[in-house]
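Visitor: return atomic coordinates for the entry below.
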Amino acid sequence: MQTLSSEVYLEGLVFGECPRWHDGALWLSDMFGGRVLRSVGPGKAETVLNLAGGRPSGLAFLDDGSLMVVSMLDRKLLRRWPDGRVEPFADLAPHVSGDINDMVRAPDGGVFVGNFGFDLFGGAEGRLTNLHHVDPQGRVREMASELNFPNGMVVTPDGGTLIVAETFAHRLTAFDIRNNALANRREFAALGSYAPDGICLDAAGAVWVSAFVGDTYLRVEEGGKITHQVPLANRRAVACNLGGDDGRTLFMVTADTDVERLAIGDSTARVDTVRVEVAGAGSP
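Guide: The predicted model follows:
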């Protein structure tokens, strides 16, 4: 296993989440800062969406360039048009029992959306939950059940496989995407003591994993082999994505917090970067 070292890219976040590389820029949510940011270089960031009193999380871009944003607390998806207009897109509140969180673009132009399944920050007892698909018209449909805190997700370039990080099961789970349904559920990789949060996919089919429990970033191949590691010094690994001009910059959101501190807003976060050998595959 190869160990890599990182450098600071962007500071001043409360709790960053769901980085996306799109149109030559890094986009990400500052969940507990209530804003969505766009960055075109180290130390540079502009706010493209304010959610006063809300918690933005998962991000996904649609074919027309509009940005889909998870609004966690009211369990809705918002659509930010390229001209800056923001409007409701889909309401998942009737379908879920916990805050919605991460999201990934689906092959049909819609999105897959996960949810906590319980009141994590309120200290409720954990429970299994479901995974939903929202189509381009905003219609919601359950796709899978009994997932243990579905979190980061990626879709393979051929549109044939969805990989989901099950945080509290300490594993990556894969599904075939067939006829607008998920099938052939299987373990992509068992992660032992590491609890996965956000993930991204590279062109060789390996997954970069943010190990929130474990304080590290890992490159994991199908079957569970860890090929690369980016250790952190007492910081949580939250979410990651591959981007940059050649797709070989790994953007890593890290935070000085834990679940108990985060529940009361006690967190500081930043984005670190590291150069890697294999470029990203464009998901999430």
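
Visitor: would you put the C-alpha positions of the helix-or-strand element of the chain with minimal mean pLDDT in PDB?
Guide: One helix or strand of the chain scores below all others by mean pLDDT, DSSP states H and E: helix 259-263, with a mean of 87. In PDB, the C-alpha atoms belonging to helix 259-263 read as follows (Å, rounded to 0.1, in the frame of the first residue of the first chain):
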ATOM      1  CA  VAL A 259     -20.700  13.300  15.500                       C
ATOM      2  CA  GLU A 260     -21.400  14.600  19.000                       C
ATOM      3  CA  ARG A 261     -19.700  17.900  18.400                       C
ATOM      4  CA  LEU A 262     -21.200  18.300  15.000                       C
ATOM      5  CA  ALA A 263     -24.700  18.000  16.400                       C
END
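
Visitor: other SSEs contacting the next helix-or-strand element following that helix?
Guide: Per DSSP states H and E, the first helix or strand lying C-terminal to helix 259-263 is strand 268-275. Counting contacts by 3 or more Cβ pairs under 8 Å, 6 or more residues apart in numbering; DSSP states H and E, strand 268-275 is packed against strand 7-13, strand 16-22, strand 25-30, strand 249-256. (C-beta placed from N, C-alpha, C; glycine too.)

Visitor: quick check: buried residues in the last one?
Guide: When you say that, I think you mean strand 249-256. Thr249, Leu250, Phe251, Met252, Val253, Thr254, Ala255 (16 or more other Cβ atoms under 10 Å).

Visitor: closest to Gly65 out of those?
Guide: Gly65 lies nearest to Phe251 out of these, by Cβ to Cβ, at 20.8 Å.

Visitor: correct me if wrong: the closest one contacts His22.
Guide: No: look at Phe251 against His22 with Cβ atoms under 8 Å: they stay out of range, at 12.0 Å.

Visitor: pull the residues that contact the longest strand seen in the chain.
Guide: Determined from DSSP state E, the single longest strand within the chain is strand 181-190. Identification of contacts with strand 181-190 by Cβ atoms under 8 Å, 6 or more residues apart in numbering yields 131, 143-144, 162-163, 170-176, 207, 220-224.

Visitor: rerun at 6 Å
Guide: With contacts defined as Cβ atoms under 6 Å, 6 or more residues apart in numbering, strand 181-190 is touched by Met143, Ala144, Ile163, Arg171, Leu172, Ala174, Phe175, Asp176, Val220, Glu222, Gly224.

Visitor: Three-state assignment for Gly126, please.
Guide: For Gly126, the assignment made with DSSP: H, G, I helix; E, B strand; the rest coil gives coil.

Visitor: just to revisit the earlier point, in the least confident helix or strand of the chain, what's buried?
Guide: Neighbour-count burial for helix 259-263 [16+ other Cβ under 10 Å]: Leu262, Ala263.
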